[in-house]
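[1] What would the 3D arrangement of this be:
(one chain, ligands or ions: 1)
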Amino acid sequence: MFSSLSEKLQDVFKKLRGKGKLTEKDIKDAMKEVKLALLEADVNYKVVKDFINTVTQKAVGEEVLESLTPAQQVIKIVYDEMVNLLGGNDTKLTFSPSGFSIYMMVGLQGSGKTTTAGKLAALLKKQGKKPLLIACDIYRPAAIKQLEVVAEKVGVSCYADYDKKDAVKIAVEGVNFAKSNRFDIAIVDTAGRLHINEELMNELVAIKSAIKPTEILLVLDAMTGQDAVNVAEAFNNQLGIDGIIMTKLDGDTRGGAALSVKAITGKPIKFAGMGEKMEDLEVFYPDRMASRILG
Ligand code: GDP
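    Purely as a prediction, here's the structure:
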């Protein structure tokens, strides 16, 4: 993950460490290289520009230049700003104070939404919760079946209704079923389409207003780079989202989507998909991710 970006940044830092005392020019040269590395990793241009400006401003201060370990301090500034870029401290899943939480999973087809719904149920079950999966992707019978298979794999119940053709009704009935059967979490898997369109958004808006989810979680495929960021912007503007689950971070993604999406949408990544197996979902920690990238 992010190996090319990681290598390039480590090279820049190695050069800085080798210099001892630093001048303003040393820092600006290093920042040029950091900028290139981020752009090559497909990070959004505006995000890169802001990041470099902030780091440069902090790094060329007298305190850093006059210090005994200037390179160390510059690296620390880059690290801190990268943690911010990845979401800061704002990445925890919210539980409803009522004791019954509803998570609505949204995303484009193929992003990993159904698999991730199962993974999230497994993770919450491990934490001692009792989740119910609700199948609202009524346009593809195969999607309902897939959710049932996933539910069985992780040992949680799944609410499905093959005969009903109204996703809003199924969502409401599923949530009611969960409440009356002592589940404490409902995870609603909604329909995905190949592209964002009005019909998809209208249905999601209707489900949102009918079930009032605790959080709407957008599932995004990290491999799709800046497209993923555009998708996130559209979902956030048209539906409103609370957090992002970035899937396929185990692949050879360059990192652009993960490093851009919080700055562009204001919404943090909360979980990371790290493989195809049901246990391959991790809580997303910006500080750990920044350490992984910076080495
Ligand atoms: P949906 O159409 O959005 O419901 O997507 P699916 O859940 O069917 O997933 C599409 C494909 O992506 C499947 O082959 C999944 O196994 C795969 N997938 C999902 N999440 C991950 C992940 O984190 N890493 C990898 N490598 N594959 C994933």
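[2] Mind pulling up the pLDDT for the residue of the stretch 151-295 of the chain found nearest the ligand?
    Proximity of the stretch 151-295 of the chain to the ligand (Cβ to the nearest ligand atom) peaks at G273, 2.5 Å away. All C-beta spots, glycine's among them, are computed from the backbone N, C-alpha and C. In the predicted model, G273 carries a pLDDT score of 97.
[3] List the residues that contact it.
    112, 115-116, 119, 245-250, 280-281 (Cβ atoms under 8 Å, 6 or more residues apart in numbering).
[4] For stretch 67-87, what is the distance to the chain centroid?
    Distance, stretch centre to chain centre, for stretch 67-87: 23 Å (Cα atoms, centre = their mean, to the nearest Å).
[5] now stretch 265-284
    With Cα atoms, centre = their mean, you get 6 Å for stretch 265-284.
[6] can you check stretch 112-128 too?
    The answer for stretch 112-128 is 15 Å, by Cα atoms, centre = their mean.
[7] Show me the contact partners of that stretch.
    So stretch 112-128 is contacted by 103, 105-107, 131, 133, 137, 143, 146-147, 150-151, 153-156, 185, 187, 189-190, 192, 217, 219, 221, 245, 247-248, 271, 273, 276, 278-281, 283 (Cβ under 8 Å, 6+ apart).
[8] Just the CA atoms from it would do, formatted as CSV, please.
    Extracted C-alpha coordinates of stretch 112-128, given in CSV (Å, rounded to 0.1, in the frame of the first residue of the first chain):
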residue,chain,number,x,y,z
GLY,A,112,-17.3,-3.5,-2.1
LYS,A,113,-20.5,-2.4,-0.4
THR,A,114,-22.1,-5.7,0.2
THR,A,115,-18.9,-7.4,1.4
THR,A,116,-18.2,-4.5,3.6
ALA,A,117,-21.6,-4.6,5.2
GLY,A,118,-20.8,-8.2,6.2
LYS,A,119,-17.3,-7.2,7.4
LEU,A,120,-18.8,-4.4,9.5
ALA,A,121,-21.4,-6.7,11.0
ALA,A,122,-18.5,-9.2,11.9
LEU,A,123,-16.4,-6.4,13.5
LEU,A,124,-19.4,-5.1,15.6
LYS,A,125,-20.3,-8.6,16.6
LYS,A,126,-16.8,-9.1,17.9
GLN,A,127,-17.3,-6.0,20.0
GLY,A,128,-20.2,-7.7,21.6
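[9] Any part of it near the ligand?
    Yes - Stretch 112-128 comes into contact with the ligand (Cβ under 6 Å from any ligand atom), by way of 112-116.
[10] in that stretch, what's buried?
    Residues of stretch 112-128 classed as buried by neighbour count (16 or more other Cβ atoms under 10 Å): 112-124.
[11] Show me which residues of the chain sit near the ligand.
    So far as Cβ under 6 Å from any ligand atom goes, the chain lies against the ligand at 107, 109-116, 192, 247-248, 250-251, 273-276, 280.
[12] can I get the contacts of G273 in CSV with secondary structure and pLDDT?
    Shown next, in CSV, are those (DSSP: H, G, I helix; E, B strand; the rest coil; pLDDT from 0 to 100):
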residue, secondary structure, pLDDT
G112, coil, 96
T115, helix, 96
T116, helix, 98
K119, helix, 98
I245, strand, 98
M246, strand, 97
T247, strand, 97
K248, coil, 96
L249, coil, 94
D250, coil, 92
D280, coil, 97
L281, strand, 98
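[13] Now these in a markdown table, please, with extra columns for distance to D287.
    Formatted as a markdown table, those follow (distance: Cβ to Cβ, whole Å):
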| residue | distance to D287 |
| --- | --- |
| G112 | 25 |
| T115 | 27 |
| T116 | 23 |
| K119 | 22 |
| I245 | 19 |
| M246 | 16 |
| T247 | 21 |
| K248 | 22 |
| L249 | 16 |
| D250 | 20 |
| D280 | 21 |
| L281 | 19 |
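[14] of all the residues you listed, which comes closest to K46?
    M246 (19.7 Å; Cβ to Cβ).
[15] what sits against L239?
    Contact analysis of L239 by Cβ under 8 Å, 6+ apart lists 106, 201, 204-205, 208, 216.
[16] cutoff 6 Å now
    204-205 (Cβ atoms under 6 Å, 6 or more residues apart in numbering).
[17] How about the helix or strand of the chain with the lowest mean pLDDT, which residues are buried there?
    When the helices and strands of the chain are scored by mean pLDDT, DSSP states H and E, helix 62-65 comes last with a mean of 83. Within helix 62-65, the residues scored as buried using 16+ other Cβ under 10 Å are 64-65.
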